[in-house]
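1. need the 3D shape of this:
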Amino acid sequence: MCWRVGVADWHIINVDEIIYMDSLLIFLQSLNVEKAIAVEFVCNLKYIRLNKYGHFQQQGKPGKYMGYVENVRFRYYKTDMEGNEHTLWFSKTFPFIGDYHSFLKKTDAELSVQAMNDCEIILLNYHQMMEIFDMNADTQKFRAMLAE
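-> A predicted model of the protein is given here:
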C-alpha cells in the first residue's frame, strides 16, 4: 500500500515487519515507561518504508511527523532561492528524525530530510509525541534534550 505525503511516497508496512520495534520499546522503558504502556503505545503507531534518497520531510511542506529509525543516515539540507541544495548535517546515532522545531510549531518544515539508505521508519504524530513527553519526569527531560 502506498501513502502519498508531500512529494515522497511512503509505503505503509505491517508492525510485525519492523525489526527494531523492540528498540523503541527498550528506549521507552529506559525513560521509566512501564512495559505494558510502552507496548500498547508502540502497537498503535504507523510504520513506513522509505527508499534510498527518498525524503522523509521536505522544506516548505508541513512536517506532520517525527520518525524513529535505527542505523540509517539521513541528510538534513536546505534549498536556497536559486534551487541549490546546502547540506547542513548528516544524522548520527540519534534515532529520532525530522525538523523538530517546525513539527512543534506545526509550521512548514524549514529543511529537508533525505534517507541515505533504504529504511523503515516508525512515525509519531504531534499527539503521540506529546503523549510520550507527558508520561513521566524522564520523558519530560527527553523532550528538553530533543529540543537542543
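2. residue ranges with poor pLDDT in this protein?
-> For the chain, applying pLDDT under 70 flags the ranges 1-20, 93, 148.
3. what residues sit buried inside stretch 29-49?
-> Residues 31, 33, 38, 41-42, 45-49 are the ones in stretch 29-49 that count as buried (16 or more other CB atoms under 10 Å). To be clear about C-beta, it is placed using only N, CA and C from the backbone, and glycine gets the same treatment.
4. would you mind measuring the gap between the ends of that stretch?
-> Taking CA to CA, to the nearest Å, the first and last residues of stretch 29-49 lie 25 Å apart.
5. now do stretch 83-92
-> Between the start and the finish of stretch 83-92 there is a gap of 26 Å, counting by CA to CA.
6. next one: stretch 64-74
-> Its first and final residues considered, stretch 64-74 spans 18 Å by CA to CA.
7. which parts of it are buried?
-> For stretch 64-74, burial by neighbour count (16+ other CB under 10 Å) applies to 65-70, 72, 74.
8. counting contacts, what elements does whichever strand or helix holds residue 26 pack onto?
-> Using DSSP states H and E, residue 26 sits within helix 21-30. Judged by 3 or more CB pairs under 8 Å, 6 or more residues apart in numbering; DSSP states H and E, helix 21-30 is in contact with helix 35-43.
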